[in-house]
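Peer 1: Sequence first, then the predicted structure:
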Amino acid sequence: MESITACLGTHGLAFDGAIDYQSHHSPRYEESLHRLYEQGDLFHCCCSRATLAPDGSCQSTCARRTVDTTAATSLRVRVPTDTVITVRDRLLGQMVWPLGKYVRNFIVRRRDGLYAYQLAAAIDDAQPAVTQVVRGRDLLDSTPKQIFLQQKLGLQSPVYAHLPVLTNPEGFKLSKQTGAPAIDATRPLDNLRSALQQLGQPSPPQDLASAGELLAWGQANWDHSRVTR
Ligand SMILES: [Zn+2]
């Protein structure tokens with residue numbers, strides 16, 4: 001975590017408040033699970049990975065059975081088949097997902113008691129202090145699930161913008177898992193110039209000498225329509 005914040009700092013990216021840790025928000029997640037449960041949206045699932053559908057859905061009878069809730073089970077949210085999620089992405093425009101057609105349910109609390117990413121992200125991103133969520137297109141599949149949860153919980157969804165991601169020749173996102181080297185934090189100006197170029201933005205003048213100046217120029221000259229679709 002320290003190396004990430006240091007790397008962001010080197011690139012002129014500072015936080016506008018204290019860093020928010022998901023591990024501090026368990027009461028918020030628990031309260032939301034309680035509400036979903038009271039609304040009849042949750043069920044206990046005792047399936048193993050081997051018995052889940054390829055898309056990760058529970059396809060057995062868990063949703064209809066009364067299971068022993070003291071046993072280690074995961075919690076899943078039901079998605080009615082007629083669920084359609086519509087959102088206007090800042091970069092991709094109007095998107096319509098017939099979520100209920102391809103997802104029957106998904107996990108919100110894991111068998112080991114950890115809150116699932118979809119639940120934590122949906123709730124944290126809908127906090128009043130968050131107005132925009134800018135992230136990679138590799139997370140686009142998660143967006144309808146998170147908006148679905150926000151709607152179920154009566155939360156206001158933020159504005160979303162999904163950026164294209166850099167991939168290797170095989171088409172996989174550059175990341176630690178695909179063996180990509182870490183960003184060279186000793187070359188912040190080159191990295192920022194390269195990022196702007198990859199995002200289709202115009203090249204900043206050569207005389208900009210600090211990360212802050214480059215970012216300010218990039219912001220002032222930013223053009224949504226140039227980002228690759
Ligand atoms: Zn199940």
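Peer 2: Yep, that arrived.
Peer 1: got the contact list for Leu174?
Peer 2: Val165, Leu166, Thr167, Asn168, Ala180 (C-beta atoms under 8 Å, 6 or more residues apart in numbering). Every C-beta, even on glycine, is put in place using the N, C-alpha and C of the backbone.
Peer 1: ok, now Leu13?
Peer 2: Leu215.
Peer 1: Can you classify it by secondary structure?
Peer 2: Classification of Leu13 by DSSP: H, G, I helix; E, B strand; the rest coil places it in coil.
Peer 1: do you know how far it is from the ion?
Peer 2: 42 Å (C-beta to the ion, to the nearest Å).
Peer 1: do the same with Lys176
Peer 2: 31 Å.
Peer 1: residue contacts, the residue nearest the centre of the chain?
Peer 2: Geometric centre of the chain, nearest residue: Leu139, 5.3 Å, by C-alpha atoms, centre = their mean. Taking C-beta under 8 Å, 6+ apart, we find Leu139 in contact with His162.
Peer 1: What of the one 3 residues further on?
Peer 2: Contact partners of Ser142, counting by C-beta under 8 Å, 6+ apart, are Tyr117, Gln118, Ala121.
Peer 1: Can you list which of these are found in helices?
Peer 2: Of the contacts of Ser142, the ones assigned to helices by DSSP state H are Tyr117, Gln118, Ala121.
Peer 1: The second one and Arg110: what is the separation?
Peer 2: Taking C-beta to C-beta, to the nearest Å as the measure, Gln118 falls 11 Å from Arg110.
Peer 1: how about the residues of the protein that lie near the ion?
Peer 2: By the rule C-beta under 5 Å from the ion, the part of the chain lying against the ion is Cys45, Cys47, Cys58, Ser60, Cys62.
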